[in-house]
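1. Generate coordinates for the sequence data below:
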Amino acid sequence: MSDFIRTALLYKYGGVYFDLDVIPLKRFSLFSNTVALESIDSVNVAVLAFEKQHLALDIQMDIQLTLVNQQFNAFCWNCVGPAALSDALKRVCDEKKLSIHSKDKCQQIDIQPSFVFYPIPYQKIPQFFRRSKSDDDIDYLVKNSSVYSIHYFHHMTMNLAVECYSPFARIAQIYCPNIYEQLIDPKEFMLTRTKTSKYLFTNLDILLFCLSISFLFILILLLAGSFLSYLPSMRIFILERLRKISISI
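-> Below you'll find the model as predicted:
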């Protein structure tokens, strides 16, 4: 359903569209009628910039309606989204295969290389959530003038923990600071900031800390129980010694 809605809204109003799993790094004001390749012959629809009533969107909606009426497959998430827009662009540009090109080629359509909007391939996206000691990953994304956004493929990463010092954690804190901090549950996360470093402790860290405290508490109880169990015998022993001493005196 989201594919139908995004296409219809862009066609009617124009503008820039982002999926919720996209982090913009720069302003998109210079883009219009712009898409980026996902693969050699297909575009991704996570980031779209179009003028209203553009021909490519009109054709895409026709393709979507045809698919729904004739051969709609609810399990084919790609059919009415990336595949439909890719097919529409091929028709508009009269091409059998999509390629990177500027606006002067066909209908003012700008097809960018994938790294502009999607610099991290989906095969490598899990590494984006893992701890990294190097700043190279961050520098490549932040300081590269050609990279405008990051798509972190929520359907692949929604169950991944955000590890301390991971590229995702550091980029989210830089570019989405307010939202990011609001989403952190203070009972589950601890965020410590200094002038030189940032530390993010995830649920796993809290769990290990709680288990350690629980183990220590149980150990103290066992030791205390053992000590208390010896008190009666110790008391009898002391009283017996005192009795013998008093008799000898």
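
2. Nearest spatial neighbour of the most centrally placed residue in the chain, chain-adjacent residues omitted?
-> Centroid-nearest residue in the chain: Y152, 5.0 Å away (criterion: CA atoms, centre = their mean). Computed as CB to CB, 6 or more residues apart in numbering, the closest residue to Y152 that is not its neighbour in sequence is D21, at 5.3 Å. All C-beta spots, glycine's among them, are computed from the backbone N, C-alpha and C.

3. Let me see the contact set for that neighbour.
-> A46, H151, Y152, F153, H154, T157 (CB atoms under 8 Å, 6 or more residues apart in numbering).

4. And it, its phi and psi?
-> phi -100, psi 30 (degrees, to the nearest 10).

5. filter the contacts of D21 to the buried ones?
-> A46, H151, Y152, F153, T157 (16 or more other CB atoms under 10 Å).

6. Spatially nearest residue to the first one (excluding sequence neighbours)?
-> The one in question is A46. Nearest to A46 is D19, by CB to CB, 6+ apart, at 4.1 Å.

7. Is the one you found in contact with N44, as I believe?
-> No. Contact criterion CB atoms under 8 Å: D19 and N44 do not qualify, at 9.1 Å.

8. picking that back up, K143 versus the residue nearest to Y152, what's the distance?
-> 23 Å (CB to CB, to the nearest Å).

9. L48 belongs to a strand, doesn't it?
-> Yes. Checked against DSSP: H, G, I helix; E, B strand; the rest coil, L48 lies within a strand.

10. Could you report the pLDDT at it?
-> On pLDDT, L48 comes in at 97.

11. That one pairs with what?
-> Beta-bridge partners for L48, by DSSP bridges, are Y17.

12. just to revisit the earlier point, just give me the least confident of the buried ones among the contacts of D21.
-> Where pLDDT dips furthest among the buried ones among the contacts of D21: T157, at 89.
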